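Peer 1: Quick one, what's the 3D model for this:
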Amino acid sequence: MPGSTDGSTRAMGVLTVGTLVAVTAYTVALGGNGWLWFGWVVLGLATLGMIVSHGT
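Peer 2: Next comes the predicted model:
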């Protein structure tokens, strides 16, 4: 059904948002780390891929 997400996709989205908050907090507290942001972008793309593939 379009517009609905299964449990794994929802969990991946929550993990992605939580990781964004953690990486942002780390950057504010200790300074930027390019590897953390790179990892978050990869995680975000994987989540986006899951959402798109679930919609088809």
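Peer 1: so the most centrally placed residue in the chain, which of the three states?
Peer 2: With distances taken as CA atoms, centre = their mean, residue 16 lies nearest the centre of the chain, 2.3 Å away. Residue 16 carries the three-state label helix when classified by DSSP: H, G, I helix; E, B strand; the rest coil.
Peer 1: pretty sure it is in contact with residue 44, am I right?
Peer 2: Yes - under the criterion of CB atoms under 8 Å, residue 16 makes contact with residue 44 at 5.5 Å. Any C-beta I mention is one placed from the backbone N, CA and C, and that applies to glycine too.
Peer 1: overlap in contacts of the two?
Peer 2: Shared contacts of residue 16 and residue 44 (CB atoms under 8 Å, 6 or more residues apart in numbering): none.
Peer 1: thinking again about what came up before, secondary structure element for the nearest residue to the residue nearest to the centre of the chain once chain neighbours are set aside?
Peer 2: Closest residue in space to residue 16, ignoring its immediate chain neighbours: residue 47 at 4.5 Å, by CB to CB, 6 or more residues apart in numbering. If you go by DSSP states H and E, residue 47 is part of helix 34-55.
Peer 1: about what we covered before: tell me the contacts of the residue nearest to the centre of the chain?
Peer 2: Applying CB under 8 Å, 6+ apart, the residues near residue 16 are 40, 43, 44, 47.
Peer 1: Identify the residues contacting the second one.
Peer 2: Just to be clear, that refers to residue 43. Contacts of residue 43 by CB under 8 Å, 6+ apart are 15, 16, 19.
Peer 1: Just the pLDDT for the second one.
Peer 2: Reading off the confidence values, residue 16 has pLDDT 93.
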